[in-house]
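Engineer: 3D, please:
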Amino acid sequence: MKQKPSITAQKLLNLYRQQHVIFGGWKTVNQIFINEADSNVMLEIKELPTGRLLAHHIENLRSGKTPMDSVDPELMPYGGLMSESSMTSIHLSDSELSELKNYLYEFVPDEDGLSKITSLNVVKRFGDEWQTAIRSALSSDDQMLNKWNIVIKTARAYYLWKIANDMLATPISERSRALIQADLPEFETYMPMFGDAGKELLAKLRVFVSSI
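Structural biologist: Alright, predicted model coming up:
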């Protein structure tokens, strides 16, 4: 059964906001936008918070103005209150940068490794914007930026792990089903990171989505 345009719209907006942690980046998510954003979905997208930015981006893709592996800088999405462009001047002190790099070199993509990173004062001082802020501060260092992207993906994986388990622990509802269905591409990307337990959880999510 074809899902409601509103559900598809929310799923596409989630992908738009989380592009920086999706394997394949813009090349991957842009193809999904083109394939799934029909006229009804586009109407729903425009009604969502920051949805008009995504709608404009999709229109640019279809017209050929924007290549399939990129996005117009003015339409760059962001997950919190600050866009990346507003944090381009972020500067870390030599001691902060040295400490951060030491932890990044030793980073292991598990819960303990993530806890060590998020406990650093240089990370905590950016509050909820820590992922984007540090990413901006490291933007001129490709090696460190690649390591930081692994941290971001690890954080997203554990966040989704918690969300999935919380959802499955509550009574099945149309709302929770829709929320999981909207984020299913991300669950499919990240749950395999948890091995057999992640694959088992993903199977439960698929059943959960189709159970109503």
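Engineer: State the distance from the nearest residue to residue 145 once chain neighbours are set aside to residue 103.
Structural biologist: Distance criterion CB to CB, 6 or more residues apart in numbering; nearest residue to residue 145, sequence neighbours excluded, is residue 138 at 4.9 Å. For glycine as for every other residue, the C-beta is placed from the backbone atoms N, C-alpha and C. Using CB to CB, to the nearest Å, one obtains 12 Å as the distance from residue 138 to residue 103.
Engineer: cool, and residue 37?
Structural biologist: Residue 37 is 40 Å from residue 103, by CB to CB.
Engineer: circling back to that earlier point, same drill for residue 138 and residue 103, tell me which one is more crowded.
Structural biologist: residue 138 (22 against 17; other CB atoms under 10 Å).
Engineer: For that one, give me its contacts.
Structural biologist: 144-145, 148 (CB atoms under 8 Å, 6 or more residues apart in numbering).
Engineer: And the helices in the protein?
Structural biologist: 5-17, 25-36, 39-45, 51-63, 94-105, 111-118, 121-124, 130-137, 142-168, 174-190, 195-209 (DSSP state H).
Engineer: Going by mean pLDDT, which of those helices comes out lowest?
Structural biologist: Looking at those, the lowest mean pLDDT belongs to helix 174-190 (a mean of 76).
Engineer: That helix to helix 142-168, inter-axis angle?
Structural biologist: Between the axes of helix 174-190 and helix 142-168, defined by axes from the mean of the first three to the mean of the last three CA atoms, to 10 degrees, the angle is 150 degrees.
Engineer: and helix 174-190, what does it pack onto?
Structural biologist: Taking 3 or more CB pairs under 8 Å, 6 or more residues apart in numbering; DSSP states H and E as contact, the helices and strands that helix 174-190 lies on are helix 5-17, helix 142-168, helix 195-209.
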